[in-house]
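> A predicted structure for the sequence below; I have some questions about it.
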Amino acid sequence: MTGEDGLEREAGAAAGKSVEFEPIITDSQNAVEVLEKNEISYEGEIELNKIEFCKIEAQQGCLTGSFCIPKLLDVQGSRYRILFFVTRDKVVLVDDDEFSKRLVARISRRRNTRYKTKEIFLFNYIAEFMNRDLEQLVQFEKRLMELEETVHSGRTENFQSDILAIRRDLLILRGYYDEMMDVGRALEENENRYFAKKHLKYFGTISDRAERLMNKTSHLLEYAGQVKDAYQAEIDAKQNSNMQFLTIISTIFFPLTLITGWYGMNFQNMPELESGYPGVIILSIIVLAVCIIFFKIKKIF
């Protein structure tokens, strides 16, 4: 059992003892009213559509932050944008997509989890929406391996568009995991002293998971670069082959062009002017044979 798996089982077991904590989930239209009702003072504006990063900051009356979570099946598309507020005894989630409701319900169904503390809830909540990320990164790796095979087999019709899409997805995910590392570390620092020290290990697990995912993403970006280099090498090899072929053709036909140009001048006293046609043909054949023998000796083709 890994340390992370052990923490998840410990969180599930500890949370299953009693129902002492429930998160508050609302939307942006009702958020101000809910915050006032729970005596949470927030200095900013609640506009979920303007959330662009995952971050956390300590304010005087609460710990507040945001999640900007890419959708794994459409990384470059829209995201789940969530505001969250943490006090000594409450966690409020502001979510217009009902993503948080589905997430909490899924956690409860799969783990039979009942949250004893807000630390355990936050751990399970964050761990749940990062749960399938490694599986998705493995799918990116398989796609890159398939692209590498197509390069080696010479089938490169849609390579540029495919590799660009993958690289953009991976760059977005790498930035997202970097932000989640900072969120996990900020929660672990416990600046407002809202979390019990014995539960801070859960947030360390979150930052460790995000770091592993970021490292995996960085590795895939390097792999994508290698695949692109292999594609470029294949294209260069084809271009060199074409240039070599054109060079051979030019080398063969240059002396023939010289011969035909010479005898095409039709000077009055030119040798073999009246009966030189067979001689020109024989000379051209000799030149062609010499060029072919030369290329064979040099192993050019």
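That came in fine, so what should we check first?

> find the centremost residue of the protein, please.
Closest residue to the average C-alpha location of the chain: residue 170 at 1.0 Å, with CA atoms, centre = their mean.

> wait, what's in contact with it?
140, 217, 220, 221, 224 (CB atoms under 8 Å, 6 or more residues apart in numbering). C-beta coordinates here come from the backbone N, C-alpha and C atoms, glycine included.

> what is the nearest of those residues to residue 43?
The closest of the contacts of residue 170 to residue 43 turns out to be residue 217 (CB to CB; 33.7 Å).

> ok, the nearest residue to residue 200 once chain neighbours are set aside to residue 201 distance?
With CB to CB, 6 or more residues apart in numbering as the criterion, residue 200 has its nearest non-adjacent residue at 5.3 Å, and that residue is residue 188. Distance, residue 188 to residue 201, by CB to CB, to the nearest Å: 8 Å.

> what does residue 25 give?
From residue 25 to residue 201 the distance is 26 Å (CB to CB).

> residues near residue 104, how many?
20 (other CB atoms under 10 Å).

> then residue 246?
Residue 246 - counted by other CB under 10 Å - has 10 other residues nearby.

> likewise for residue 227?
Neighbour count of residue 227, defined by other CB under 10 Å: 24.

> that one against residue 146, yeah?
No: with contact defined as CB atoms under 8 Å, residue 227 does not reach residue 146; the gap is 9.9 Å.

> contacting residues around residue 171?
Contacts of residue 171 (CB under 8 Å, 6+ apart): residue 221.

> how about the helix or strand where it lies: buried residues?
Using DSSP states H and E, residue 171 maps to helix 159-189. For helix 159-189, the neighbour count (16 or more other CB atoms under 10 Å) marks 159, 162-163, 166-167, 169-170, 173-181, 183-188 as buried.

> what helices or strands is whichever helix in the chain runs longest leaning on?
Identified as the longest helix of the chain according to DSSP state H is helix 200-263. With contacts defined as 3 or more CB pairs under 8 Å, 6 or more residues apart in numbering; DSSP states H and E, helix 200-263 has these neighbours: helix 3-15, helix 118-129, helix 133-153, helix 159-189, helix 277-297.

> any stretches of the stretch 1-150 of the chain with poor pLDDT?
For the stretch 1-150 of the chain, the stretches flagged by pLDDT under 70 are 1-20, 110-115.

> ok, residues contacting stretch 24-37?
By CB under 8 Å, 6+ apart, stretch 24-37 touches 38, 41-42, 46-48, 83, 85, 90-96, 100-101, 104.
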